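Undergrad: give me a 3D structure for the following:
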Amino acid sequence: MRPGAAPNGAAPHANPAAQQRGVSTRLAQALAGARAWARPATTGARLGAFAIDLVAVVLVGVAVWFGSRSLWLTGIAVLEAAAVLAFVEARTGATLGNLALRIRTVRDDAPYSPGVARGAVRSLVLGAGTLVAVIGGFIVVATSAADPMRMGRSWADRAGRTLVVRVPTRAEREAWAQGAEAWAANALVAPESSPAQASPQQAPVSPQPAPAAVPAAAPAAAPENQLPSGVVSVDAPIAAPPPVQQVVVGEQLLLTLDTGQRVQLPIPLALNLGRKPDPTEASDQLWVVEDPDSSVSKTHLRIECRGESVWLTDLGSTNGSAMLDETGTASPLAPGVRVRLEDGSRVKVGDRSFTVATVVGEMPR
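TA: Below you'll find the predicted structure:
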């Protein structure tokens, strides 16, 4: 069943069973959009998980050594333990360290386990680093702090096209569910019919004959039932009530320019901004940036927001775009490359800058 408004002519609550199916479908879609999977794990959590996995492999080797006193068998046992750990991670995204610290390894383009091919490439790079006096493995993992796309990818992740994300807590899942329920309930409200539309049961109005001409000298006689000005008869028709304003409750993206100009739009969204922006796709929203100095290009950059993930792409602007850190230092963005933004990030476009934030509130439909 495709979610949508009630069928033409049907009341929003006329069919409770159909409404319940609509709520379930819309709730599932809202939860799928809200559970943003691209939430990178911290470098500290990744180092801790790697240390736990490394200790587990070493313990297997120590147990085999004390049982056989053979370096050959010990080496084979260590390699087999590492291979089993890598295979499980490729198929499920989980290792002993990942489970302990609530993180998972996934594809960098979808919320799925990496798979054998990506997992093998990732494990080879990480294993090669570990062979360099063991400390090399920690160095490879630590390179996640220097990911130019701010996605927390280490050298191994970039080679294997993977991403390490943190598992949401129960409180976060409950908050997403509450937001999704509010969104689904508001989305089911049917739009009010226009007062200007005539009721299909309304009888046609018969044309009235033109009144006869009255001599100019004769004053017009007042009707017997005429009421004083401002008084309405008790049997007069009651005026239709004003339409109820419908609102949508949920997450919104707030963009605030350094000039004070701001825009607040519901999530999910795709938006192009510039002095006179053109849409990339038919459904894109546009934000006209006020820039008297014309340092902002006509269509400067694109913002895409899905759940908690906000992505930024410079559209080949003349004066470029950059990320600004807390000290005001600019990190230029390469044209055409999608970069993930954190909540509260500052972005420089030409000589202007704006702040990105996600808020929860109501907006009229």
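Undergrad: make it CA atoms for all contacts and neighbour counts henceforth
TA: Noted.
Undergrad: poorly predicted segments of the stretch 201-350 of the chain, please.
TA: Within the stretch 201-350 of the chain, the segments meeting pLDDT under 70 span 201-250, 307-308.
Undergrad: could you redo the last one with a cut-off of 90?
TA: Counting by pLDDT under 90, the low-confidence segments of the stretch 201-350 of the chain come to 201-254, 256, 258-260, 262-269, 281-283, 290-294, 305-311, 323-331, 337-346.
Undergrad: for it, just list every one of the strands.
TA: For the stretch 201-350 of the chain, applying DSSP state E, counting those that start in this stretch gives strands covering 247-257, 262-266, 269-274, 285-288, 301-306, 309-314, 321-324, 330-332, 338-341, 346-349.
Undergrad: so the nearest residue to residue 346 once chain neighbours are set aside, which state does it fall into?
TA: Of all residues not flanking residue 346 in the chain, residue 355 sits nearest, at 4.5 Å (Cα to Cα, 6 or more residues apart in numbering). Under DSSP: H, G, I helix; E, B strand; the rest coil, residue 355 falls in the strand class.
Undergrad: ok, residue 261 - contacts?
TA: Counting by Cα atoms under 8 Å, 6 or more residues apart in numbering, residue 261 makes contact with 289, 290.
Undergrad: likewise residue 358?
TA: 251, 252, 253, 254, 343.
Undergrad: swap in residue 130?
TA: Here residue 130 is in contact with 136, 137, 138 (Cα under 8 Å, 6+ apart).
Undergrad: would you reformat those residues as TSV and include pLDDT and distance to residue 81?
TA: As requested, those are exported to TSV (pLDDT from 0 to 100; distance: Cα to Cα, whole Å):
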residue	pLDDT	distance to residue 81
136	93	19
137	93	16
138	95	19
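Undergrad: name the member of the residues you listed with the most neighbours.
TA: Among these, residue 137 has the most neighbours (other Cα atoms under 10 Å), with 22 neighbours.
Undergrad: circling back to that earlier point, any chance of TSV for the strands of the stretch 201-350 of the chain, columns mean neighbour count and distance to residue 49?
TA: TSV is the format used below for the strands of the stretch 201-350 of the chain (neighbours: other Cα atoms under 10 Å; distance: least, Cα to Cα, whole Å):
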stretch	mean neighbour count	distance to residue 49
strand 247-257	19	32
strand 262-266	15	37
strand 269-274	22	35
strand 285-288	17	42
strand 301-306	20	28
strand 309-314	21	24
strand 321-324	21	30
strand 330-332	14	30
strand 338-341	20	24
strand 346-349	24	31
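Undergrad: on that earlier part again, from the contacts of residue 130, which land in helices?
TA: When DSSP state H is applied, the contacts of residue 130 are split such that 136, 137, 138 fall in helices.
Undergrad: pipe those into CSV and attach distance to residue 263 per row.
TA: Shown next, in CSV, are those (distance: Cα to Cα, whole Å):
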residue, distance to residue 263
136, 47
137, 45
138, 43
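Undergrad: and which of those residues is nearest to residue 67?
TA: residue 137 (27.6 Å; Cα to Cα).
Undergrad: what's the residue nearest to the closest one when sequence neighbours are not counted sitting at in phi/psi?
TA: Once flanking residues are discounted, residue 137 sits nearest to residue 130: 3.9 Å by Cα to Cα, 6+ apart. As for residue 130, its main-chain torsions (degrees, to the nearest 10) stand at phi -70, psi -30.
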